[in-house]
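Enquirer: I would like to see how this sequence folds:
(2 chains)
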2 protein chains.
Amino acid sequence: MDNFNFYSPTEFLFGRDRENECGAYIKKYGGKKVLLHYGGGSAIRSGLLDRVKSSLEREKIDYIELGNVQPNPRDTKVYEGIEICKKEKIDFILSVGGGSCIDSSKAIALGALYDGDFWDFYGTGKPVEAALPIGTVLTIAAAGSEGSGASVITKEEGMLKRDTCSDLLRPKFSILNPELTCTLPTYQTACGATDIIAHVFERYFTNTEEVETTDRLCEALLITMLKETPRVIAEPNNYQARANIMWAGTVAHNDIVGVGRSQDWNSHMIEHELSGLYDCAHGAGLAVVMPAWMEFVCDHNIMRFAQMAVRVFGCEMNFENPKMTAINGINAFRRFLHEIGMPINFEELGAKEEDIPKLVAKLGIQGETGGFQPLTAEDVTQILKIAVNAKVV
Amino acid sequence: MDNFNFYSPTEFLFGRDRENECGAYIKKYGGKKVLLHYGGGSAIRSGLLDRVKSSLEREKIDYIELGNVQPNPRDTKVYEGIEICKKEKIDFILSVGGGSCIDSSKAIALGALYDGDFWDFYGTGKPVEAALPIGTVLTIAAAGSEGSGASVITKEEGMLKRDTCSDLLRPKFSILNPELTCTLPTYQTACGATDIIAHVFERYFTNTEEVETTDRLCEALLITMLKETPRVIAEPNNYQARANIMWAGTVAHNDIVGVGRSQDWNSHMIEHELSGLYDCAHGAGLAVVMPAWMEFVCDHNIMRFAQMAVRVFGCEMNFENPKMTAINGINAFRRFLHEIGMPINFEELGAKEEDIPKLVAKLGIQGETGGFQPLTAEDVTQILKIAVNAKVV
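Expert: Got it, this is the predicted structure:
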C-alpha cells in the first residue's frame, strides 16, 4: 500500500425529503446570497426546484437563478455564472442536478474568486487556491461529483473536455434523495450506473501490491451495482435499489476505496474524447471503451482480471488457464452492460470508425499515458478498433 | 435503507513517516499551544514521542505534556488534563497513542470548554456544544477513535464505563503510520483486530432491510480482517498486512459502512462491564461476549447469520437447514478468535461465573435494551452463561 492522504469533509444528507433542508444547511455553512444553478426542465417539472426555493425562502436566503446546464457542461455557461457571482457578490453556490450541473458549479466556484480565465485550471494541474463554497441536491446517481473535488468541463470551441481536482471544490454538503432519481429515463439510469462501475474499475486496476482492504471494498461496490442496476431497470420506482445505487455512487468516487494504490483513468480519458466529439452520454461512452480497454490490457496482469472475474462476476476459476477466467470476466461485464441497455460498440453508440485518428489525435498523447498499463497513441487506436465491432459473447 | 447523515471531516495522513508532519498539521488547523497527551512508555522507548516533539518544535509550537493514560482510560486523568487546558490556555490537543489515549483526549477537549463536570456528557446523551480541536498519531489499529466522534471513559469510583459521541469530537487530522504498530505485542495486536471486527459486526446485524451496499462493504472489511490478522500474528513486521488492517480499522468505525441501517451495540455494552470489572483488554472481552451473543440471538434472523457464514467465513450454504449454516459461521468465528490467541470463555479471560449477577446489575437495564434483538437483564445473564464455558468446535 502506498502512503496517502484521505480527506472527505462533505456532509451527506441522505434519504427521502432531505431537499427541504437545503436552506438550513446553506445557512449552517454561512451562505447568504446564493447562485441557484440547475440543469434542464426536469427539476422544474418535478416540482423539485420549487421545493428548493421554498427551503431558501424559509431561511430568508437571497438567490439568483442560472439554469440550462447541458450534459457535458460547457465553458460558456461557466463564464455566465462567474460573471453573475462577481457582479452580484454571490457567496454560495447551490447546485440542483447531476454531475454536469455540479461540475459546472465547481468551475464557477473557482472562477468567481480568480482574476484570470477559469480554464487555466483545466487539464493543466494548476492548483486551485480559492473557491466559493458549494452545496448540491443530487438528481442522478452517477458522477460522484457530489462527494469529490473533481470537475470536468467542455470547451465549446473544439469540444475539448478537460478536468481539474481540488479539495477546495468538495461540496460543503450534498443532499442525496433516492426518490429524485426514480423519474429518470431508463437509459440515463443505466448510463449513471455504468459511470459508477467505471469509477470503481479505474481504481481496481492497479499496479500497487497488497491492497486487500481497498480491493475488497471495490469488489463490494461492484457486486452491489451488478445486483441493483437490473432491479432499477426493471422497477424504476424501487426506492431501496435506487438508495443502494446512490450511496454506492458516492462511496465509489470520494476515494475511500481508492486510496493508497495507483489508479488507471485511461478509459475515462479515452471516453472524454467520444463524448466530446459525439456529445453522447459519458456512461454510454464508457460502456463502449471500458471492456475494449480490458481486452487490450488484460495480459498486463492476468491474475488481477481473473480475480475480478471470480470475485465480482462469480466466474469459476480456471486453474489450468487463468486467462480464460479473465476473458470470461470481461465477457460477463460486456454482457451485463448490454443487458442494462448500454451500447457496446461504435455503431450502437453512434460513433464512426473513420473518426478514430481524430479521436486519438485530440488526446494529444506525448509518448505514453500513465496508469495500469501505459498507453501510446497506437495503443489507444487499437483499443478503439476493438470497440468498433465488439459483440456480446 | 433509512435516512441518515454522514459526516467524516477528519483528514487522514496514512503511511510511513507521516508522524513527522504532525507539527505542520497542527499549524494548518490553527493550534498554537498544545496539550501533548500520550499513554505508556512504548511511545517514549520507540522514539516516537521524540519525533513528535521535534515536529512541534520545528513549527515553533508550544506544548505541555500529559502522559500515562491507562487502558480503559480514567476520569481522574481527564480531570487533570482539563485543569491544564484551562490554566495554560491550551488551544489544541495532540493525542499520541491508541483508542484509550484518543478517548481521553476527546473527554479533555470537551471538558476544557465546559463549566460543569465533563462526566455530564457520558452515558447521558447530553449533546456536546463545544470542544477543543484534536489531532492524533495512532499507535494501534483497534478502536477507530481516530476517525470517529465517540469517546469511552471509565469512572474510577465504581469502575463505571460510559460513552459519549459528537461530530465536534472528530479529530481534525489523524496520522496513521502502520510501522508504529509493528512493535505491538501479539496479544494487543489480536485484541485490536477483534475490536475492529466487532465494530463491523455491530453494524452488520441490523433489522433494516435492503442494505446491500453497506452489507457488502461490511463483508469486505470482515474478509480483509480474517485474511490479514493471522498474517500479522505470524509476521509482526509485515508492513502491508499492518497497513491493510489499519485502514480497515478506520473505515470500520467512521460509519461509512454503517449508515442508513439500525445497528446493535449490545455486545460492546456487555463487554464494557467486563473490562470495567476485570480491567481486561476491550478486544479480549469482545472475543468472549460476541460469539455468545451470536448464539443467543441467531434465531432472530437465521438467514442473516447464514449470509455471514457463507459470504464472510466461506461456509457452504445448507439449503435444507440454514440454521446449521448459521451455527457453522458462529463456530468459525470463535475458532478464528481462538487461533489468533484471544480468550473465548470466562476462564481464559480471567472472569468469574459468580460475578454474572453483578455484571448484569451494573448494566442497569430497564426493561429491554435496543438493537437487533432487544435484551432483558435475564437475556444478558443467558449470554454470559453461554460465554462461561464456550469451547472451540
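
Enquirer: who touches the residue nearest the centre of chain A in this structure?
Expert: The centroid of chain A falls nearest to residue A:143 when counting by Cα atoms, centre = their mean (2.5 Å). Applying Cβ atoms under 8 Å, 6 or more residues apart in numbering or on different chains, we find residue A:143 in contact with A:98, A:99, A:100, A:102, A:103, A:192, A:195, A:249, A:253, A:282. From N, CA and C alone the C-beta is placed, and that goes for glycine too.

Enquirer: Could you report the distance from it to residue A:73?
Expert: Separation of residue A:143 from residue A:73 (Cβ to Cβ, to the nearest Å) stands at 11 Å.

Enquirer: shared neighbours of these two, anything?
Expert: Among the neighbours of residue A:143, those also in contact with residue A:73 (Cβ under 8 Å, 6+ apart) are A:100, A:103.

Enquirer: Can you give me the neighbour number for residue A:84?
Expert: If you count neighbours by other Cβ atoms under 10 Å in any protein chain shown, residue A:84 ends up with 17.

Enquirer: sec struct for it, please.
Expert: With DSSP: H, G, I helix; E, B strand; the rest coil as the basis, the three-state label of residue A:84 is helix.

Enquirer: Go ahead and confirm it touches residue A:66.
Expert: Yes. The pair residue A:84 / residue A:66 is scored as a contact, 6.2 Å apart, by Cβ atoms under 8 Å.

Enquirer: Overlap of the contact sets of those two?
Expert: Contacts common to residue A:84 and residue A:66, judged by Cβ under 8 Å, 6+ apart, are residue A:35.

Enquirer: near chain B, which residues of the stretch 251-393 of chain A?
Expert: Residues of the stretch 251-393 of chain A found near chain B (Cβ under 8 Å from any Cβ of the partner chain) are A:251, A:256, A:259, A:260.

Enquirer: Quick one: mark the members of these that sit in helices.
Expert: Judged by DSSP state H, helices contain the following of these: residue A:251.

Enquirer: closest to residue B:317 among the residues of the stretch 251-393 of chain A next to chain B?
Expert: Ranked by distance to residue B:317 (Cβ to Cβ), those are led by residue A:251 at 27.6 Å.

Enquirer: How about the longest helix belonging to chain A and chain B, touching?
Expert: Ranked by residue count and defined by DSSP H, the top helix of chain A is helix A:212-234. Yes. Counting by Cβ under 8 Å from any Cβ, chain B is contacted by helix A:212-234 at A:212, A:213, A:214, A:216, A:217, A:219, A:220, A:221, A:223, A:224, A:227, A:228.

Enquirer: can you give me the strands in chain A?
Expert: With strands called from DSSP state E, chain A shows them at A:4-14, A:33-38, A:62-66, A:92-97, A:134-138, A:150-155, A:160-165, A:173-176.

Enquirer: closest one to residue A:370 among the ones you listed?
Expert: Residue A:370 lies closest to strand A:160-165 among these, at 14.6 Å (Cβ to Cβ).

Enquirer: Pairing partners for that closest one, with directions?
Expert: Taking DSSP bridges as the criterion, strand A:160-165 forms sheet pairs with strand A:150-155 (antiparallel).

Enquirer: which residues touch the strand it pairs with?
Expert: A:72-75, A:78, A:102-104, A:106-107, A:119, A:122, A:145, A:160-165, A:169, A:253, A:272, A:276.

Enquirer: As PDB, could you dump the C-alpha coordinates of that strand?
Expert: What follows is strand A:150-155, C-alpha atoms only, in PDB (Å, rounded to 0.1, in the frame of the first residue of the first chain):
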ATOM      1  CA  ALA A 150     -13.200  16.800  -9.400                       C
ATOM      2  CA  SER A 151     -14.800  18.800 -12.200                       C
ATOM      3  CA  VAL A 152     -14.900  18.200 -15.900                       C
ATOM      4  CA  ILE A 153     -15.800  20.900 -18.400                       C
ATOM      5  CA  THR A 154     -16.100  21.000 -22.200                       C
ATOM      6  CA  LYS A 155     -14.600  24.000 -24.000                       C
END
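
Enquirer: In contact with the spatially closest residue to residue A:145 that is not a sequence neighbour, which residues?
Expert: Of all residues not flanking residue A:145 in the chain, residue A:102 sits nearest, at 4.0 Å (Cβ to Cβ, 6 or more residues apart in numbering or on different chains). Contact analysis of residue A:102 by Cβ under 8 Å, 6+ apart lists A:95, A:134, A:136, A:138, A:143, A:145, A:146, A:151, A:171.

Enquirer: Tell me where the model's unsure across the stretch 51-200 of chain A.
Expert: Along the stretch 51-200 of chain A, the model assigns pLDDT under 70 to no residue.

Enquirer: before we move on, the earlier item: which two in the contacts of residue A:102 are spaced the farthest apart?
Expert: Greatest spacing in the contacts of residue A:102, by Cβ to Cβ: A:138 and A:151 (14.9 Å).

Enquirer: Identify those among the contacts of strand A:150-155 that sit within helices.
Expert: Secondary structure from DSSP H places A:75, A:78, A:102, A:103, A:104, A:106, A:107, A:272, A:276 of the contacts of strand A:150-155 in helices.

Enquirer: Is there a neighbour count for the second one? I'd like the number.
Expert: As a burial measure, the neighbour count of residue A:78 was computed by other Cβ under 10 Å and equals 27.

Enquirer: for the fifth one, same thing?
Expert: Neighbour count of residue A:104, defined by other Cβ under 10 Å: 30.

Enquirer: Excluding chain neighbours, what is closest to it?
Expert: Of all residues not flanking residue A:104 in the chain, residue A:73 sits nearest, at 4.0 Å (Cβ to Cβ, 6+ apart).

Enquirer: could you check the distance from the one you found over to residue B:66?
Expert: 52 Å.

Enquirer: Which of these two has more residues huddled nearby?
Expert: Neighbours were counted for residue A:73 and for residue B:66 using other Cβ under 10 Å; residue A:73 has more, 27 against 21.
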